[in-house]
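Q: I'd like to go over a predicted model; first the sequence, then the structure.
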Amino acid sequence: MSIDLSNVPIVTINTLESHLPGMIAIMDFDPVTFSLRAGWLGMLGGVLSGALMGLFFLKPDWMGGYGSQPRRLVRLGHISFFGIGLLNLFYALSLTPLEVPETAARCGSLAFLTALISMPACCFLTAWRTPMRHLFPIPVLSTATGIVLIIANSF
């Protein structure tokens, strides 16, 4: 018995470009500029979330009090904007001196952007609903991916 594979379509970059032109174009960006902008947007997110939290910090019972888990998670979300924003900035400033290949640099930029968006989101969502804590592997793995990509491609 033989299997006829003559009718099976072969996927190549050319067929992908014809079927998904937007998907190929999305990977055509400068990773240094992209990560610098993402980093500064992270800083802005930290400032704005801090300002919003500052409206309520004098209320001792806000979100269950200073030591409550929801309030700690909101503070963690706020500070993660700054932390992962800094990672984006350091990443952008490291790409050229470390001569990271363009494709790896782009993938790392997207990984760090995913972390920048998903870590504060996971913190805020978990403060609201505890089962949302199961989403934390998304920002953790995204950050780890960005770090591994720059280390693996800079030696």
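A: That came through fine. Only a predicted model underlies this, so the values are computations on that prediction, with no experimental measurement involved.
Q: going forward, measure contacts and count neighbours with C-alpha atoms only.
A: OK.
Q: which of the residues in the helix or strand residue 51 falls within are buried?
A: Assigned by DSSP states H and E, residue 51 falls within helix 31-54. The neighbour-count check on helix 31-54 (16 or more other Cα atoms under 10 Å) flags 31-32, 34-43, 45-47, 49-50, 53 as buried.
Q: same thing with stretch 146-155?
A: Buried residues in stretch 146-155, counted by 16+ other Cα under 10 Å: 146-147, 149-150, 154.
Q: Save those residues as TSV, and put in distance to residue 69 and pLDDT too.
A: Shown next, in TSV, are the buried residues of stretch 146-155 (distance: Cα to Cα, whole Å; pLDDT from 0 to 100):
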residue	distance to residue 69	pLDDT
146	29	97
147	29	97
149	33	96
150	34	95
154	40	88
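Q: biggest separation within those, which pair?
A: The widest separation within the buried residues of stretch 146-155, taken as Cα to Cα, falls between 146 and 154 and amounts to 12.3 Å.
Q: Low-confidence stretches in the protein?
A: Counting by pLDDT under 70, the chain has low-confidence residues at 1-26.
Q: One more pass at 80, please.
A: 1-27 (pLDDT under 80).
Q: In it, mark out all the helices, start to finish.
A: Taking DSSP state H, the helices of the chain run over residues 13-19, 21-25, 31-54, 69-95, 102-128, 137-152.
Q: Need these in CSV (columns: distance to residue 62).
A: Listed next are these as CSV, based on distance: least, Cα to Cα, whole Å:
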stretch, distance to residue 62
helix 13-19, 52
helix 21-25, 44
helix 31-54, 10
helix 69-95, 8
helix 102-128, 12
helix 137-152, 27
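Q: Out of these, which gets nearest to residue 63?
A: That would be helix 69-95 among the helices of the chain, by Cα to Cα, at 5.6 Å.
Q: what's in contact with the helix holding residue 51?
A: Residues from elsewhere that reach helix 31-54 (Cα atoms under 8 Å, 6 or more residues apart in numbering): 78-82, 84-89, 91-93, 95, 102, 105-106, 109, 112-113, 116.
Q: let's see 7 Å
A: Contact with helix 31-54 is made by 78-79, 81-82, 85-86, 88-89, 92, 95, 105-106, 109, 113, 116, as judged by Cα atoms under 7 Å, 6 or more residues apart in numbering.
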